[in-house]
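Peer 1: A structural model of the following input is requested.
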Amino acid sequence: MGPSRKRMSRVFTISFPEEMAKQVAAIADEEGRTISELFREAFRAYRLERIHQKLARFRAEAAARAPVKYTEEDVERLVDEIRSERFTRRKKTA
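Peer 2: Predicted coordinates for the structure are as follows:
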């Protein structure tokens with residue numbers, strides 16, 4: 001007997017109302033894809049949308065906590081200051 005092979009995918013059973021099921025089959029047929037491929041792509045899009053929604057919430061929360069609006073020049077200046085401080089600290093300990 002050969003080495004056992006681990007399954008690389010899982011099977012899910014889902015149900016749809018008949019009209020929606022017909023639409024799913026028609027779109028898969030139009031695009032020359034399997035229904036599994038269609039749903040994998042739909043899930044990827046859904047997951048990406050959720051990530052975008054979370055990021056938008058985090059941005060809104062951050063903006064509410066720190067309403068200061070930094071310009072690009074401010075960011076450059078702050079980065080330069082931090083780098084300079086780190087360089088000075090490293091130089092003192094060396």
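Peer 1: Which parts of this structure are helices?
Peer 2: Per DSSP state H, the chain carries helices over the ranges 18-31, 35-65, 72-93.
Peer 1: What's the per-residue pLDDT of Gly2 here?
Peer 2: Predicted confidence (pLDDT) for Gly2: 59.
Peer 1: try Phe87
Peer 2: Here, the pLDDT recorded for Phe87 equals 86.
Peer 1: Run a quick neighbour tally on Arg50.
Peer 2: Using other Cβ atoms under 10 Å, Arg50 has 10 neighbouring residues. From N, CA and C alone the C-beta is placed, and that goes for glycine too.
Peer 1: distance of it from Arg44?
Peer 2: Per Cβ to Cβ, to the nearest Å, Arg50 is found 11 Å from Arg44.
Peer 1: try Arg89
Peer 2: Taken as Cβ to Cβ, the span from Arg89 to Arg44 is 45 Å.
Peer 1: How about Glu61?
Peer 2: For Glu61, the distance to Arg44 (Cβ to Cβ) stands at 26 Å.
Peer 1: One more: Ile27?
Peer 2: Taking Cβ to Cβ as the measure, Ile27 and Arg44 are separated by 16 Å.
Peer 1: Looking at the two, which is more packed in?
Peer 2: Remark: of Ile27 and Arg44, Ile27 carries more neighbours, 13 against 10, as counted by other Cβ under 10 Å.
Peer 1: Look at Ala62 and say how many residues are nearby.
Peer 2: Ala62, neighbours per other Cβ under 10 Å, totals 10.
Peer 1: Could you do Lys91 as well?
Peer 2: 8.
Peer 1: hang on, the earlier thing: the helices of the chain: which one's closest to Met8?
Peer 2: When those are compared by Cβ to Cβ, helix 35-65 sits nearest Met8, at 13.1 Å.
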